[in-house]
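S.K.: task: produce atomic coordinates for the following.
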Amino acid sequence: MGRAKVTVPAEDVVRAQAEALDAALDAGGDQLDPSTVAVARQIIAKVGERSALAGNHTVIALAGATGSGKSSLFNALAGRELARIGATRPTTSSASAAVWGDDPAGELLDWLAVPRRYGVSAEPSEEGLGGSVDSVGSLDGLVLLDLPDFDSRVTSHRAEAERVLALCDVFVWVTDPQKYADALLHDEYVQQLAGHSAVMLAVLNQTDRLAEGAVEACREDLIRLLRADGVSGVQVLTTSVATGDGIPELRQRLANAVAGHEAARQRLSADLTAVAGRLRRGVADREVTLDAGADDQLVDALSRASGVPVVLDAVDEDYRREALGRTGWIFTRWGRKLRPDPLRRLRLDRVPSQVLERVDPLDVREVVGRSSIPAPSASARSAVKLAALSLTERAAEGLPVLWAEAVSDAAAPTDDRLYERLDRVVVTTPLRGNPPVWWQVTGWLQWLLGLTALVGLAWLVALAVVAWLQLPPIDTPQVGPFPLPTLLLVAGLVVGLLAAGLARAAARVGARRRRTLVGKRLRIAIADVANDLLVEPVRVVLDRHRDTREQLEAARGG
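M.R.: As a prediction, this is how the structure comes out:
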C-alpha cells in the first residue's frame, strides 16, 4: 500500500499455511490453548471460503471510533452521499458497501453479510475528490466498507464491526485529533493486529480542526504510538473531508491495494501467521529424546510389583525338586513327589509353552486365567509410581505446563490394566526348559545302583534261607575278603548315596542357572510392557509436540 515492496504469498503458499495450521491443531489437541484453537479453526475456514469466492475484488474496511468521520470519508471516496451522517451518535448500525466496477460482487457481499450495497461505476467528480481524478489509479474491483463504530455504546454495533474486520482484506484505521491516542483503539485493535501491517493503513482525519503546524506533530505522535503497538512501516495519511486535503492520496493508496489483487492473500497469510505465532508460544523449542527402552529403575519397580522375586524362588525350588526327583537316591526319591509343586501353587504350571505359542495374545487370559502371585503391595505400587514419575520428569523437561501434564498422564500407572498385563506376562513366560542330559544319565545310574543293591540283598537273603533250611551250601563268589552279594549290596547303597549327593550339588548349580535364565526372560517381557504402556505413550506425546511445533513453523511461513 505504497510502502517498500512486500512479498505476497502465492495462493498455494496460503493453502499450504492453512493445511499446516490444521495439522498442528490436530497434533496439538488439548495441549493447545482452546480459545486460540477456536480462532485458528475460524481462520482456516475463512481461508477456504475466501479462496473459493469468484472475482478479483479487494475488501477494504474503514474502521474507527464514534465521531472520527468514517462515514464522511466513505462518502467522499465514493463521490456521493451513500452513508447517512447525523448529529446523533452512533449513526452506523451495520456495515455499508460501495462497489467499484462491473464485476458482480454479490457472492462476496453475501459472505460478508453486508446488507447495504451501492454500486459506484462512474468516476467521482473532481469536487468530491478534492483534486483531479486523472492523477489517481482505477478503483475497479474495490469493495469499500463503512463499519459501525468499534467504541459504540451499543454492543451489537461493536460486535458487527469486529465481525467484518475479521473478514476484510485491508483495514483503514480512521481516527481524529481528539481520539488518535485512545487506549481502546491501540490496546484492543491495533496491537491485536500488529502483524498485519502489510494490509493496514492509518488515517488522521478532520485535520481542518488543527492549526497548520499541529497537523504534522499529531501525525508524528500517531506514528510513535503505532510503533509502540508493534506496527512497523504502516503509513499514516492526514485527511479532511471539509477541505478535501489528503483525499486523493488516500484514494491512490486504495487504488494501489486494488491494482495487484493481492491484498486478500496478504490478509489471509497474515492471519495464519499471527494465530500460528500465538499458538507457537504454547510449544517449546525442543523436546527430550527418550532412550530406546525403559530404564532399569522402572523395570526393577515393575518386576517387584509383578512378583518376580516370588516367581524366581519358585523356579529355583521347582528345578531342585524335579532334579532330585529324577536323580536322587532311588529308594527315597519317591518321597519328593509328595511335596507340593511350587509353580503349580502359584498357578504357573498349567499350560505348556507349546500350547501358548498357538494362542492369540488377546486370548491368553481366557486360556491361562490369572496367577496366584500375591497382589503388589502398597510399597511396590509406590515404587512403580516413583519410577514413572522419574520418567515423566525427564521427558517433560522444558515443556509448557499443558504438555508436561500430558506427559505425566501418559505414564501414570493408575490403571489396573498395567498389573493385569504384568500378570499375563509372568503367566505366559516359559519357566521351565528341556531336562538336562545329566538328569537322564544320573537317573539311569541310580536305577542301576539300586538294582545292584537289590541283587546283592536278594542273594544274601537266599543264602540265609538255605542256611536256615540246612540245605547244601551254595558256593558264594568272593571279591578279595568280601562276599560278592555283600559287596553288591554295600556298593549299590553307598555309591547311590554318593551319586545322590553329587546330584544335589549339581541341582543347586542348575537351579541358579535356571533362575538367571528365567529372570532375564521375565525382565525382557516386563521391559516390553513398560515400553508399551508407559514409555511409548510418553514418546507419542513428545512426537505430537514435535509435529505441532514443526507444523506451526510451517504455518508461520517458516
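
S.K.: phi and psi next, for Val172.
M.R.: phi -110, psi 110 (degrees, to the nearest 10).

S.K.: tell me the pLDDT at it?
M.R.: Val172 is assigned 93 on the pLDDT scale.

S.K.: wait, His186 touches Leu225, no?
M.R.: Yes - if you go by CB atoms under 8 Å, His186 and Leu225 touch, sitting 6.1 Å apart. Yep, even glycine has a C-beta here, placed from its N, CA and C like the rest.

S.K.: quick check: neighbours shared by these two?
M.R.: Shared contacts of His186 and Leu225, defined by CB atoms under 8 Å, 6 or more residues apart in numbering, are absent.

S.K.: A strand includes Val143, no?
M.R.: Yes - assessed with DSSP: H, G, I helix; E, B strand; the rest coil, Val143 lies in a strand.

S.K.: what about it, neighbour count?
M.R.: 25 (other CB atoms under 10 Å).

S.K.: distance check, it against Ala24.
M.R.: Relative to Ala24, Val143 is positioned 32 Å away (CB to CB, to the nearest Å).

S.K.: same question for Leu534.
M.R.: Taking CB to CB, one finds Leu534 at 27 Å from Ala24.

S.K.: next: Val99.
M.R.: Counting by CB to CB - Val99 and Ala24 are separated by 37 Å.

S.K.: likewise for Trp334?
M.R.: 73 Å.

S.K.: neighbour count: these two, which is higher?
M.R.: More neighbours surround Ala24 than the other of Trp334 and Ala24, with 27 against 10 (other CB under 10 Å).

S.K.: for that one, which three-state class applies?
M.R.: Ala24 - assigned by three-state DSSP - is helix.

S.K.: in this structure it contacts Thr548, no?
M.R.: Yes - counting by CB under 8 Å, Ala24 touches Thr548, with 5.1 Å between them.

S.K.: next, show the common contact partners of the two.
M.R.: By CB under 8 Å, 6+ apart, the residues touching both Ala24 and Thr548 are Leu32.

S.K.: how far away from the center of its chain is stretch 404-419?
M.R.: Remark: stretch 404-419 is offset 14 Å from the chain centroid, using CA atoms, centre = their mean, to the nearest Å.

S.K.: hmm, who's touching it?
M.R.: In contact with stretch 404-419 (CB under 8 Å, 6+ apart) are residues 30-31, 305-306, 375-376, 381, 384-385, 388-389, 391-392, 395-396, 399, 529, 533-535, 537-538, 540-542.

S.K.: longest helix of this protein, counting residues only.
M.R.: Determined from DSSP state H, the single longest helix within the chain is helix 484-530.

S.K.: following the chain past that helix, name the next helix or strand.
M.R.: Tracing the chain past helix 484-530, the next element assigned as helix or strand by DSSP states H and E is helix 536-555.

S.K.: tell me how many other residues surround the closest residue to Ala375 other than its chain neighbours.
M.R.: Spatial nearest neighbour of Ala375, chain neighbours left out: Tyr419 (7.8 Å); criterion: CB to CB, 6 or more residues apart in numbering. Other residues near Tyr419 come to 19 when the count uses other CB under 10 Å.

S.K.: can you give me how far the host helix or strand of Tyr419 is from the chain middle?
M.R.: Per DSSP H and E, Tyr419 falls inside helix 416-428. Mean-position distance between helix 416-428 and its chain equals 27 Å (CA atoms, centre = their mean).

S.K.: buried residues in it?
M.R.: Leu418, Tyr419, Arg421, Leu422, Asp423, Arg424, Val425, Val426, Val427, Thr428 (16 or more other CB atoms under 10 Å).

S.K.: let me see the mean pLDDT of that helix.
M.R.: 83.

S.K.: quick one, the next helix or strand after that helix and helix 484-530 angle?
M.R.: Per DSSP H and E, the first helix or strand lying C-terminal to helix 416-428 is helix 437-468. With axes from the mean of the first three to the mean of the last three CA atoms, to 10 degrees defining the directions, helix 437-468 sits at 150 degrees from helix 484-530.

S.K.: quick check: buried residues in helix 437-468?
M.R.: 438-439, 442-443, 445-446, 449-450, 452-453, 456-457, 459-460, 463.

S.K.: beyond that helix, next helix or strand please.
M.R.: From helix 437-468, the next helix or strand downstream (DSSP H and E) is strand 478-479.

S.K.: just give the strands next to that following strand in its sheet, each with its orientation.
M.R.: Sheet pairing of strand 478-479 (DSSP bridges) gives strand 482-483 (antiparallel).

S.K.: count of neighbours near Gly195?
M.R.: Gly195 has 18 nearby residues by other CB under 10 Å.

S.K.: spit out the contact partners of it.
M.R.: Gly195 neighbours (CB under 8 Å, 6+ apart): Gly230, Ala270, Thr273, Ala274, Gly277.

S.K.: now, those residues that are in helices?
M.R.: Ala270, Thr273, Ala274, Gly277.

S.K.: give me the phi and psi angles of the residue lying closest to the last one once chain neighbours are set aside.
M.R.: This points to Gly277. Nearest residue to Gly277 in three dimensions, chain neighbours excluded: Arg556, at 5.8 Å (CB to CB, 6+ apart). Main-chain dihedrals, Arg556, degrees, to the nearest 10: phi -80, psi 0.

S.K.: do I have it right that Arg556 meets Val275?
M.R.: No - assessed by CB under 8 Å, Arg556 is found out of contact with Val275, at 9.4 Å.

S.K.: re earlier: pick the one among the contacts of Gly195 closest to Ala503.
M.R.: Nearest to Ala503, judged by CB to CB, of these is Gly277 at 76.9 Å.

S.K.: ok, how many other residues are close to the closest one?
M.R.: So Gly277, with other CB under 10 Å, has 13 neighbours.

S.K.: okay, now the unreliable bits of this protein?
M.R.: 1-8, 83-92, 121-136, 337, 349-371, 413-415, 558 (pLDDT under 70).

S.K.: tell me which residues touch the nearest residue to Ala530 once chain neighbours are set aside, please.
M.R.: In space, and not counting its chain neighbours, Ala530 is closest to Ala294: 3.6 Å by CB to CB, 6+ apart. Contacts for Ala294 (CB under 8 Å, 6+ apart) come out as Leu391, Ala527, Ala530, Asn531, Leu534, Val535.

S.K.: doesn't Ala294 lie inside a strand?
M.R.: No - judged by three-state DSSP, Ala294 forms no part of a strand; its state is coil.

S.K.: look up how far Ala499 lies from Trp468.
M.R.: 34 Å.

S.K.: let me fix that: Arg267
M.R.: Arg267 is 95 Å from Ala499, by CB to CB.

S.K.: tell me which of the two has more neighbours.
M.R.: Arg267 (26 against 19).

S.K.: coming back round to it: which one of the buried residues of helix 416-428 is nearest to Arg344?
M.R.: Nearest to Arg344 among these, with distances taken as CB to CB, is Val427, at 12.7 Å.

S.K.: please verify my assumption that the closest one contacts Ser372.
M.R.: No - here Val427 does not reach Ser372: they are 10.2 Å apart, not a contact under CB under 8 Å.

S.K.: between the two, what contacts are shared?
M.R.: In contact with both Val427 and Ser372: Arg347, using CB under 8 Å, 6+ apart.

S.K.: which stretches of the chain form strands?
M.R.: 58-64, 96-100, 116-120, 142-146, 170-175, 200-204, 235-238, 478-479, 482-483 (DSSP state E).

S.K.: those strands: which one's closest to Asp313?
M.R.: Nearest of these (CB to CB): strand 482-483, 46.4 Å.

S.K.: run the chain-centre distance for that closest one.
M.R.: 87 Å.

S.K.: change the start of the numbering to 30 and stick with it
M.R.: All set: I'll call the first residue 30, so the last point we hit is now strand 511-512.

S.K.: can you list contacts of it?
M.R.: Residues outside strand 511-512 that contact it (CB under 8 Å, 6+ apart): Thr505, Pro506.

S.K.: picking up where we left off before, for the strands of the chain, which one sits closest to Leu522?
M.R.: It's strand 511-512; of the strands of the chain, that one is closest to Leu522 (CB to CB) at 14.0 Å.
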